[in-house]
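1. what would the 3D arrangement of this be:
(chains A, B, C and D)
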There are 4 protein chains.
Amino acid sequence: MQQKVLITDCADAPGLITKITGVCYQHGLNIIKNSEFVDNAQGRFFMRTELEGAFDETQFLADIDEVLPPQRHCKLVEKGVKRIVVMVTKEAHCLGDLLMKAYYGGLDVEITAIVGNYDTLKPLADKFDIPFYYVSHDGLTRHDHEQQVLEIIASHQPDYLVLAKYMRVLTPEFVEQYPNRIINIHHSFLPAFIGAAPYRQAWERGVKIIGATAHFVNNCLDEGPIIKQDVIPVDHSYSAEELAKCGRDVEKSVLSKALQLVMQEDVIVYGNKTVVF
Amino acid sequence: MQQKVLITDCADAPGLITKITGVCYQHGLNIIKNSEFVDNAQGRFFMRTELEGAFDETQFLADIDEVLPPQRHCKLVEKGVKRIVVMVTKEAHCLGDLLMKAYYGGLDVEITAIVGNYDTLKPLADKFDIPFYYVSHDGLTRHDHEQQVLEIIASHQPDYLVLAKYMRVLTPEFVEQYPNRIINIHHSFLPAFIGAAPYRQAWERGVKIIGATAHFVNNCLDEGPIIKQDVIPVDHSYSAEELAKCGRDVEKSVLSKALQLVMQEDVIVYGNKTVVF
Amino acid sequence: MQQKVLITDCADAPGLITKITGVCYQHGLNIIKNSEFVDNAQGRFFMRTELEGAFDETQFLADIDEVLPPQRHCKLVEKGVKRIVVMVTKEAHCLGDLLMKAYYGGLDVEITAIVGNYDTLKPLADKFDIPFYYVSHDGLTRHDHEQQVLEIIASHQPDYLVLAKYMRVLTPEFVEQYPNRIINIHHSFLPAFIGAAPYRQAWERGVKIIGATAHFVNNCLDEGPIIKQDVIPVDHSYSAEELAKCGRDVEKSVLSKALQLVMQEDVIVYGNKTVVF
Amino acid sequence: MQQKVLITDCADAPGLITKITGVCYQHGLNIIKNSEFVDNAQGRFFMRTELEGAFDETQFLADIDEVLPPQRHCKLVEKGVKRIVVMVTKEAHCLGDLLMKAYYGGLDVEITAIVGNYDTLKPLADKFDIPFYYVSHDGLTRHDHEQQVLEIIASHQPDYLVLAKYMRVLTPEFVEQYPNRIINIHHSFLPAFIGAAPYRQAWERGVKIIGATAHFVNNCLDEGPIIKQDVIPVDHSYSAEELAKCGRDVEKSVLSKALQLVMQEDVIVYGNKTVVF
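-> Okay, the predicted model is just below:
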């Protein structure tokens, strides 16, 4: 008995739910959970259907394809553990949280490798017997550094790349290798405090709440479809350093919640936005 | 062009979504929004479908009925403004919030009457030209008092009764007149602090969070299906009175959110629980 | 027996708490509550002391003054109800909430007048018998319009001006009449979505949380010391209009919490920030 | 230069702040941060003062003692890293979080030993080179089991004992060995769902929010002074198992926040409550 998730994304049209679920029914599939969304501004239909049964997937997808209008995307995926490569610099909190949750089953990821532009976090990776690749950017052009990193990543064939406080900006050439498959944690409540030193900016502005944003990476820095955001209250007594320290807790919590949504196949990207079912 | 919400609730069975949405499609209806839930523990299927189109409602319901398994409930309702009667004692915050939101369109209710066992809040009702019925319980048996109240309510034919800090316990005889149609705001995060003086109990226990619970009233005091709950952080410096003062903000906010969910036909009651789509 | 709040703000120096509370002790005053904060970055000391007793306030302030280092501010104020004038345009939710809370005692303000550049909200003001001044900006220069408004405000001698969704930008000349005494509610989680149509901006960016910010108004639009911020979670299914509707609940809640802090004398402004005790 | 925290707790009396800070001033100490609280119901004064300077601590405490009224407690402590022993059963999430945060400096604890009544979590302890003591309760009386555990704990001389999902009830004899020094994480928003299987109880009650509570352990099960509580929203679609899974995130987050407060000397216990500065 297979358990699959059907993700459909197409121009809106009458009868789509009936037609799609009708194909499921004909194939003897049990619908465990179903979610739909229509973006009226764009006339676009999104559906996520959890299915259970014994079925011919190729035939099923062909039948689904037949009932859909043009400009359709349609895929059959599995929710649950996926392979990720994590990229880091020096800060341990996000990587540590991912390693620990992966270890005890609190997060459906398999961390197949860690790549760092510093070797600071190698001892942490070692504790969990995850290969750590130290690729210093010292003395390398940006292009050469990224090429080395890309080769390592490619050798692990991850489903997703996770930037767990990786503090270098990726080039468009790098990003386009993994479209909608790179997830970043940004240390602010985007779009507030875009750019460098967001906690210092927050301190100077005297905000009463700080936050973090997990998003897919596209070619615009600090842009890209937002998956998850969260915030915590702060007050005048926090220094910029204390804001940063508090922020770390939100960062790791938001990153891990975003990853879990992605692993569960709850997230559909379209344009610069996400549908999160 | 009608806009309706179809609420379905039946034993779970294969193909229900296809069959129900199929009937919608045959009647030429556009599905604006669709939500399903299966309670696996009870094998029960729930669905809420927002529909748009020009159609014969009686025929439509008959056709829906035909495709459903036994023990089904099925109704076609309208989301939006419904008639409520509000029952109060002396505290103004919940009633005031309902009156104001109803006035400026922040809440989809039409308050057709207010019934108080004190006349404290009559001046507030007068500001908004809502009939206020003062029915003192002084010198009356509980039965006689409730009879007077029930007669007033009946004359207004409300869709729902709202207990906005009405501080008397209703008898089962009263409650059964309006099954799943009486909504109460309870001044605690149920099931914590059941019974009298919850803020004093909370203060004595030294809790760090207080809350409020909006629920349908059934025949067990402080029981009944929960619609909405919310909380706020507090600390050691709050006296019992200050907890109560803070609590008022949560109470009115939770009550009004719960009512909006009910008015939008987002809430299905089953057993002692709710499905809130 | 008087109850007063002593607000002190001066260069940091050793022994300030001892010296200040020592003066209180000498005057036979009971300290109900005491809060201090030192901004180490600026070497500045802030203290708020709730006092109770029978005392000569002039002598007391002179004695306090004597123990403080140079560049000091020091005032004796009363927490509790203060006079405000509210400025509005067309939206009712913030004004309505203030009126209702002022009415039932949920907020320590006395609304002495309401000024609108439209007359939309006059009926609402009338319900609570608050004078409503309709000052259309039609056909007037910005300067002339503001002069008319300033005259009305001056005639009411308010402690604070509250911009409850007043949709016109005030000139520096207006603002400097009421330094740190004008409180605005901004419909976004500042500094995100500065400028026009923040909810549309939020929708286009696909954020997962929206917020509101109450701040003192200074001469920079959307700047000024932040008093209070709050947020609510949203998702992909919200249209820009639905974001705005949800946002209204946060706006009124944040505005009223900020006002209560100011009325309780919990807020000290310094530079572009606030200390909120 | 020493950095210390002075914790004072005594009957309320006039002039206490002046007298206490006066002693600090005489000893040439800089007050970094100061917090006071008076419990008016009990007429009790609490103060926490962060001090900096070079001073004779014994003389300082003697001088403080002299200015305080009877029935006083007064101690000079250091905020920051303290020694803890962690007790566990089988669940990894709380222990894992503590280990990871202790490792990267996100929590000011030194975990000196872990004691488990199962050996399930030994491999996790090994990763961080923390001694793990497996003390099965199989075939032992409760008294004998606890004696073995107490001996191990005593050999590590911890400042605090942390019950990180330790699923056995401690006897009063055990608890009285470490008065106000045992911290437990309870898997519900106390006092809701006291007793066994709180997530199943929550599911049956149909609550819309679940929570967790960190508290000091005293001799009443699920009682004891509350340090920290937090909650997360849930809905009808969660099974009891899913509630438990979500709950784990709140549990570990609340436990670690509570510990940090205790390590920072922000918590004073009195009676069955805490003051958390």
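
2. for the stretch 51-200 of chain A, what lies in contact range of chain C?
-> Taking CB under 8 Å from any CB of the partner chain as the measure of proximity, the stretch 51-200 of chain A contacts chain C at A:Phe189, A:Leu190, A:Pro191, A:Ala192, A:Phe193. Glycine gets a C-beta too; all of them are placed from N, C-alpha and C.

3. pretty sure the fourth one contacts C:Ile194?
-> Pointing back at A:Ala192 there. No - contact status for A:Ala192 versus C:Ile194: not in contact, 9.4 Å apart, counting by CB atoms under 8 Å.

4. what's the helix or strand for the one residue sitting closest to the centre of chain A?
-> Centroid-nearest residue in chain A, with CA atoms, centre = their mean: A:Ile183, separated by 4.1 Å. Using DSSP states H and E, A:Ile183 sits within strand A:182-186.

5. same thing with A:Arg83?
-> strand A:82-88.

6. which residues of chain A score low on pLDDT?
-> A:221 (pLDDT under 70).

7. which part of the stretch 1-150 of chain A gets nearest to chain C, residue-wise?
-> Nearest residue of the stretch 1-150 of chain A to chain C: A:Phe37, at 5.9 Å (CB to the nearest CB).

8. where does that residue sit: helix, strand or coil?
-> Here A:Phe37 is recorded as strand under DSSP: H, G, I helix; E, B strand; the rest coil.

9. residue contacts, A:Gly224?
-> Taking CB atoms under 8 Å, 6 or more residues apart in numbering or on different chains as the criterion, A:Gly224 is in contact with A:Asn184, A:His215, A:Phe216, A:Val217, A:Asn218, A:Asn272.

10. what parts of chain A come near chain D?
-> Within chain A, the positions adjacent to chain D are A:92-93, A:96-97, A:99-101, A:103-104, A:106, A:124, A:127-128, A:248-249, A:253 by CB under 8 Å from any CB.

11. list the residues that contact the residue of the stretch 1-150 of chain A closest to chain C.
-> Neighbours of A:Phe37 in contact, by CB under 8 Å, 6+ apart: A:Phe45, A:Phe46, A:Met47, A:Val275, A:Phe277, C:His236, C:Ser237.

12. whichever of these end up buried, select them in PyMOL.
-> Written as a PyMOL command, the selection of buried residues from those, which uses 16 or more other CB atoms under 10 Å in any protein chain shown, is:
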select buried, (chain A and resi 45+46+47+275+277) or (chain C and resi 236)
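
13. quick one, what contacts the residue of the stretch 101-250 of chain A found nearest chain D?
-> Residue nearest to chain D within the stretch 101-250 of chain A: A:Tyr104 (3.8 Å; CB to the nearest CB). Neighbour list for A:Tyr104: D:Ala92, D:His93, D:Gly96, D:Leu124 [criterion: CB under 8 Å, 6+ apart].

14. one more time with 7 Å, if that's ok
-> Counting by CB atoms under 7 Å, 6 or more residues apart in numbering or on different chains, A:Tyr104 makes contact with D:Ala92, D:His93, D:Gly96.

15. quick one: the last one from chain A, how far?
-> Right, the one you point to is D:Gly96. Counting by CB to the nearest CB, to the nearest Å, the separation of D:Gly96 from chain A is 5 Å.

16. helix, strand or coil for that residue?
-> At D:Gly96 the chain is in helix, as set by three-state DSSP.

17. my guess is it meets D:Ala125, correct?
-> No - taking contacts as CB atoms under 7 Å, D:Gly96 lies outside contact range of D:Ala125: 10.1 Å.

18. who's in contact with whichever helix or strand A:Phe174 is part of?
-> When elements are defined using DSSP H and E, A:Phe174 is found to belong to helix A:172-175. Residues from elsewhere that reach helix A:172-175, judged by CB under 7 Å, 6+ apart: A:Glu146, A:Leu150, A:Ile182, A:Val217, A:Asn218, A:Asn219.

19. identify the farthest-apart pair in those residues.
-> Based on CB to CB, the longest span within the contacts of helix A:172-175 runs between A:Leu150 and A:Asn218 and measures 17.2 Å.

20. how about stretch A:68-87 as PDB, C-alpha atoms only?
-> The C-alpha trace of stretch A:68-87 is given here as PDB (Å, rounded to 0.1, in the frame of the first residue of the first chain):
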ATOM      1  CA  LEU A  68      -6.300  19.200 -16.200                       C
ATOM      2  CA  PRO A  69      -6.300  22.500 -18.200                       C
ATOM      3  CA  PRO A  70      -3.200  23.800 -19.900                       C
ATOM      4  CA  GLN A  71      -0.100  25.200 -18.100                       C
ATOM      5  CA  ARG A  72      -0.400  22.600 -15.400                       C
ATOM      6  CA  HIS A  73       2.100  21.200 -13.000                       C
ATOM      7  CA  CYS A  74       1.400  17.900 -11.400                       C
ATOM      8  CA  LYS A  75       3.600  15.600  -9.300                       C
ATOM      9  CA  LEU A  76       3.300  12.700  -7.000                       C
ATOM     10  CA  VAL A  77       5.700  12.900  -4.100                       C
ATOM     11  CA  GLU A  78       6.200  11.300  -0.700                       C
ATOM     12  CA  LYS A  79       5.900  13.200   2.500                       C
ATOM     13  CA  GLY A  80       8.600  12.500   5.100                       C
ATOM     14  CA  VAL A  81      12.300  12.300   5.400                       C
ATOM     15  CA  LYS A  82      14.300  13.900   2.600                       C
ATOM     16  CA  ARG A  83      18.000  14.400   2.000                       C
ATOM     17  CA  ILE A  84      19.500  17.700   2.800                       C
ATOM     18  CA  VAL A  85      22.900  19.300   2.600                       C
ATOM     19  CA  VAL A  86      23.500  22.100   5.200                       C
ATOM     20  CA  MET A  87      25.700  25.000   4.500                       C
END
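
21. same question for that stretch: list its buried residues.
-> For stretch A:68-87, by 16+ other CB under 10 Å, it's A:Leu68, A:Leu76, A:Lys82, A:Ile84, A:Val85, A:Val86, A:Met87.

22. in JSON lines, list these along with distance to C:Ala13.
-> Formatted as JSON lines, those follow (distance: CB to CB, whole Å):
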{"residue": "A:Leu68", "distance to C:Ala13": "74"}
{"residue": "A:Leu76", "distance to C:Ala13": "71"}
{"residue": "A:Lys82", "distance to C:Ala13": "59"}
{"residue": "A:Ile84", "distance to C:Ala13": "54"}
{"residue": "A:Val85", "distance to C:Ala13": "55"}
{"residue": "A:Val86", "distance to C:Ala13": "50"}
{"residue": "A:Met87", "distance to C:Ala13": "49"}
